[in-house]
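> no sequence for this one, just the structure:
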């Protein structure tokens, strides 16, 4: 198993996008199936954004200050996803807004993943060495063990984002 931070994040992205496809394939009236898939999406996104916000972004921000604007934009995109995830976690699958809200979440996260993979990751890989990316990835693997899995769980995420943005 690779500890390269970018490889780990790409693996998360693939898993998250598979969940998105599962949701889209569930069909219009498949409330129970959609609810189960959204629960998995919430868990996957909560863990993933925690790892990026607590480890990847701060490390890259420190090592590559010229990428600060990209990182700040990513924090804001995560904030939007966090709001949608929190709202979805409080909804029932048969709520009239459930599918629409999930669709907006999917569209936003897909855009974010595309930007990271096509623009941000290549810049980071070009400027950081293999050893630095492996060290960041190893820290991410350790953090994954204690990462929150739902928006209701307390985490340092809000404090971290608030501190970075202010």
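Cool, the structure landed. These numbers were taken from a predicted model, which means no experiment stands behind them.

> hey, where'd the strands end up in this structure?
Applying DSSP state E to the chain gives no strands.

> which one in it is furthest away from the centre?
Distance from the centre of the chain peaks at residue 29, with 27.4 Å (C-alpha atoms, centre = their mean).

> Next up, phi/psi of that residue, please.
phi -110, psi 20 (degrees, to the nearest 10).

> per-residue pLDDT, it?
Looking at residue 29, its pLDDT is 70.

> Least confident secondary structure element in this structure?
helix 157-165 (a mean of 49; mean pLDDT, DSSP states H and E).

> if we can go back for a sec, show the contacting residues for the residue farthest from the centre of the chain.
By C-beta atoms under 8 Å, 6 or more residues apart in numbering, residue 29 lies in contact with nothing. C-beta here means a position set from N, CA and C on the backbone, and glycine is covered the same way.

> go again using 10 Å as the cut-off
94, 99 (C-beta atoms under 10 Å, 6 or more residues apart in numbering).

> what do you get for the one 10 residues further on?
If you count contacts by C-beta under 10 Å, 6+ apart, residue 39 has them with 19, 88-89, 93, 149-150.

> With residue 45 instead?
12, 16, 19, 78, 81-82, 84-85, 88, 105, 109, 151.

> Quick check: the farthest pair among those?
Maximum pairwise distance among the contacts of residue 45 (C-beta to C-beta): 18.6 Å, between 12 and 88.

> The two: who's more crowded?
A direct count of neighbours by other C-beta atoms under 10 Å for residue 12 and residue 88 places residue 88 higher, at 23 against 19.

> That one contacts residue 38, correct?
Yes: look at residue 88 against residue 38 with C-beta atoms under 10 Å: they come within range, at 5.8 Å.

> Mind listing the shared neighbours of these two?
Counting by C-beta under 10 Å, 6+ apart, the residues touching both residue 88 and residue 38 are 98, 101-102, 105.

> what about the helices in the chain?
Listed in chain order, the helices of the chain (DSSP state H) span residues 5-25, 31-51, 57-63, 68-89, 98-115, 121-127, 130-144, 157-165.

> buried sites along the longest one?
Read that as helix 68-89. For helix 68-89, the neighbour count (16 or more other C-beta atoms under 10 Å) marks 70-71, 74-75, 77-79, 81-82, 84-85, 88 as buried.

> Could you single out the nearest of those residues to residue 144?
residue 78 (16.5 Å).

> hang on, the earlier thing: ok, which pair from the contacts of residue 39 is furthest apart?
Taking C-beta to C-beta, no two of the contacts of residue 39 sit farther apart than 93 and 149, at 18.9 Å.

> Compare these two (neighbour count), which wins?
The residue with more neighbours, out of residue 93 and residue 149, is residue 93; 19 against 13, by other C-beta under 10 Å.
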